[in-house]
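Participant: 3D model of this:
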Amino acid sequence: MKKIKYLLSLFVVLALMFTCTFAAFAADYTVEVKDENNLAANKWDWATDKVGSGSATFGENGMKIENFNLGSSIYAIYKTNKMNEFKYSMHANLNLTRPSQVGADYNHDYSNLYISFMINADTPAPSYTCPWNGDKAYFSICFENLQGSPKTNLYLNECFAGSGATRKVVSSHDDILWNDGEFHWFEFEFVNDTQEAVYDGKPVTYTGKTFKFYFDGVMRFEYFQRDQNVYSDYLKDYVKDCKFSTTSGYIGFWPSSDFPVGMDSSETECYVEIDKIQITSYDNGNKTPYGIAPKPDFDIESVNFTPEASYDAGTEIEVKLADLFAYEGDDALSYAIKCEGKDIGSIRNGYWVWTPEKGGNYDVDFIASNADGKSATTYVTFRVAGDTTPEPEPGKSGCKSAVSASAGIAGGALILAGAALALIGRKRER
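Facilitator: Numbering: from 1, shown residues only. Next up is the predicted model:
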């Protein structure tokens, strides 16, 4: 009996030592990610799509994915490169709460994050990160908070057989404690490999992929997926060669939850925050992490704008400047508004505002420019009816009106004749 107690005590001590050692190692573990390799902080590397209020934002501190519920979704795909063999490193807080934690109604008490990879597509559509959207994502690792248990599941999605909705869990673990509201390192390698086996009583060598998952620097599981003779539940037959080892693909995120429609992260505290992502492709012997994509060179384009048929003198005219130009860049545009070379009106809260004092036709040039030297001009003609000030002396006119006093009688007739005509906003780019 004493010996049994001694062995039990020894086991407890060793278990505590292992736990403390593991915790200390995890706390000290880090991956050096240089700014020029941190994909999480560079929005130009990502394509996103959303339903409802789903959101993926990017900034100096990385990316944040939030507002996913039964009515809102968000998809984000790394669009810059496809890869066959690679290592993925991510420093993230998977703060995946459940509806029951905030007293919300639910059918299934869960939230999760899919990281789908080997997305075999010609173009990186964000929705492909959901395995059954387009049937492109061959594999997904899913981090799921299901009824209080943080599960880590590796899925083989039968996109190779034409049905991403048909999935099978090929490796499942509930002892990887990532759901503690803290940042952790999530890493996995996906490389070509071989495996010896016996088939029909004969030795065979299968080709395929080996997946290794690391949590805070410690490998937690490994899985080999062969290329040959893979059974498909969807086809009810074997696929002779799935070509996993020769297929390249994209990688991306898709979160979901059972929170009710309208409950966003401000209420649920359910979100994913990632401050570092580094991807190293091993293709063609490479061992260097991907660099961030450069900022695209966006042009400013003028937009056809049709003002109201006419405005009354003495009444404020208001035009939203963003409606006059098309621009996909993220830096602010500067604006200048001219009439016959002189400033006209003022800018207030993103709107050009001006109160004309005199009737007439006013040709106004709206000029937008950015810090890179790009610019464009949208030309708009405003028709103003009536006067609020005395007419100028004959022969005098200016940028305030295209109608002179000396042409009052003839001009008045022309204005009345053209009252029913729509004015044309002309555009020209610089």
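
Participant: and the gap between the spatially most central residue of the chain and residue 331?
Facilitator: The chain has residue 48 as the residue nearest its centroid, 3.2 Å off, counting by C-alpha atoms, centre = their mean. Distance of residue 48 to residue 331, given as C-beta to C-beta, to the nearest Å: 19 Å. The C-beta positions use only the backbone N, C-alpha and C, and glycine is treated the same way.

Participant: Contacts only, for residue 179.
Facilitator: Residue 179 makes contact with 94, 95, 96, 143, 145, 150, according to C-beta atoms under 8 Å, 6 or more residues apart in numbering.

Participant: List the beta-bridge partners for the second one.
Facilitator: By that I understand residue 95. Counting by DSSP bridges, residue 95 is bridged to residue 271.

Participant: Quick check, pLDDT for it.
Facilitator: With respect to pLDDT, residue 95 scores 98.

Participant: My understanding was that it contacts residue 257; is that so?
Facilitator: No - using C-beta atoms under 8 Å, residue 95 makes no contact with residue 257, being 11.6 Å away.

Participant: Overlap in contacts, the two.
Facilitator: residue 270.

Participant: Compare neighbour counts for these two and give me the winner.
Facilitator: Neighbour count, other C-beta atoms under 10 Å: between residue 95 and residue 257, residue 257 has more, with 28 against 20.

Participant: Which strand in the protein has the most residues?
Facilitator: Longest strand in the chain, counting residues (DSSP state E): strand 184-199.

Participant: about what we covered before: who wins for neighbours among the contacts of residue 179?
Facilitator: residue 94 (27 neighbours).

Participant: is it fair to say residue 266 lies in a helix?
Facilitator: Yes - assessed with DSSP: H, G, I helix; E, B strand; the rest coil, residue 266 lies in a helix.

Participant: re the thing from before, measure how far the longest strand of the chain is from the centre of its chain, please.
Facilitator: 29 Å (C-alpha atoms, centre = their mean, to the nearest Å).

Participant: Residues contacting it, please?
Facilitator: Identification of contacts with strand 184-199 by C-beta under 8 Å, 6+ apart yields 26, 29-31, 84-94, 117-118, 139, 141, 178, 203-217, 224, 226, 229, 245, 282.

Participant: List the buried residues in the helix or strand just after it.
Facilitator: Later in the chain than strand 184-199, the nearest helix or strand by DSSP states H and E is strand 202-215. Using 16 or more other C-beta atoms under 10 Å as the test for burial, strand 202-215 gives 206, 207, 208, 209, 210, 211, 212, 213, 214, 215.

Participant: Hmm, the third one is touching residue 225, no?
Facilitator: Yes - counting by C-beta under 8 Å, a contact exists between residue 208 and residue 225, whose distance comes to 5.1 Å.

Participant: Need the residues touching each of those two.
Facilitator: Common neighbours of residue 208 and residue 225 (C-beta under 8 Å, 6+ apart) are residue 244.

Participant: Tell me how many other residues crowd residue 83.
Facilitator: Count around residue 83 with other C-beta under 10 Å applied: 22.

Participant: For the nearest residue to residue 316 once chain neighbours are set aside, grab phi and psi.
Facilitator: The shortest distance from residue 316 to any non-neighbouring residue, by C-beta to C-beta, 6 or more residues apart in numbering, is to residue 355 (4.7 Å). Main-chain torsions, residue 355, degrees, to the nearest 10: phi -110, psi 100.

Participant: and if you look at residue 322?
Facilitator: Main-chain dihedrals, residue 322, degrees, to the nearest 10: phi -60, psi -20.

Participant: Distance check, it against residue 224.
Facilitator: Distance, residue 322 to residue 224, by C-beta to C-beta: 53 Å.

Participant: Could you check the pLDDT of residue 5?
Facilitator: For residue 5, pLDDT reads 49.

Participant: From here on, call the first residue 300.
Facilitator: Got it, first residue is 300 now, which makes that one residue 304.

Participant: how about the helices in the stretch 600-729 of the chain?
Facilitator: Secondary structure of the stretch 600-729 of the chain (DSSP state H, counting those that start in this stretch): helices at 707-716.

Participant: for the closest residue to residue 568 other than its chain neighbours, what are its contacts?
Facilitator: Nearest non-adjacent residue to residue 568, counting by C-beta to C-beta, 6+ apart: residue 396, 5.2 Å away. Taking C-beta under 8 Å, 6+ apart, we find residue 396 in contact with 410, 444, 567, 568, 569.

Participant: again with residue 397
Facilitator: Counting by C-beta under 8 Å, 6+ apart, residue 397 makes contact with 405, 408, 409, 410, 444, 446, 447, 556, 557.

Participant: go with 10 Å
Facilitator: By C-beta atoms under 10 Å, 6 or more residues apart in numbering, residue 397 lies in contact with 403, 405, 407-410, 444-447, 478, 556-558, 567, 569.

Participant: From those residues, which shows the smallest pLDDT?
Facilitator: residue 447 (77).

Participant: Would you mind measuring from the nearest residue to that one once chain neighbours are set aside to residue 391?
Facilitator: Closest residue to residue 447 apart from its sequence neighbours, by C-beta to C-beta, 6+ apart: residue 397 at 7.2 Å. Per C-beta to C-beta, residue 397 is found 18 Å from residue 391.

Participant: now do residue 438
Facilitator: Taking C-beta to C-beta, one finds residue 438 at 19 Å from residue 391.

Participant: Between those two, which has more neighbouring residues?
Facilitator: With neighbours defined as other C-beta under 10 Å, residue 438 and residue 391 compare such that residue 438 has more, 25 against 22.

Participant: Could I get the full set of strands for the stretch 450-599 of the chain?
Facilitator: In the stretch 450-599 of the chain, the strands defined using DSSP state E, counting those that start in this stretch lie at 462-472, 483-498, 501-514, 517-525, 527-531, 536-540, 548-556, 570-580.

Participant: May I see those strands organised as a markdown table, with distance to residue 432 added?
Facilitator: A markdown table is the format used below for those (distance: least, C-beta to C-beta, whole Å):
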| stretch | distance to residue 432 |
| --- | --- |
| strand 462-472 | 7 |
| strand 483-498 | 21 |
| strand 501-514 | 22 |
| strand 517-525 | 22 |
| strand 527-531 | 19 |
| strand 536-540 | 21 |
| strand 548-556 | 8 |
| strand 570-580 | 19 |
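
Participant: I appreciate the help and will end here.
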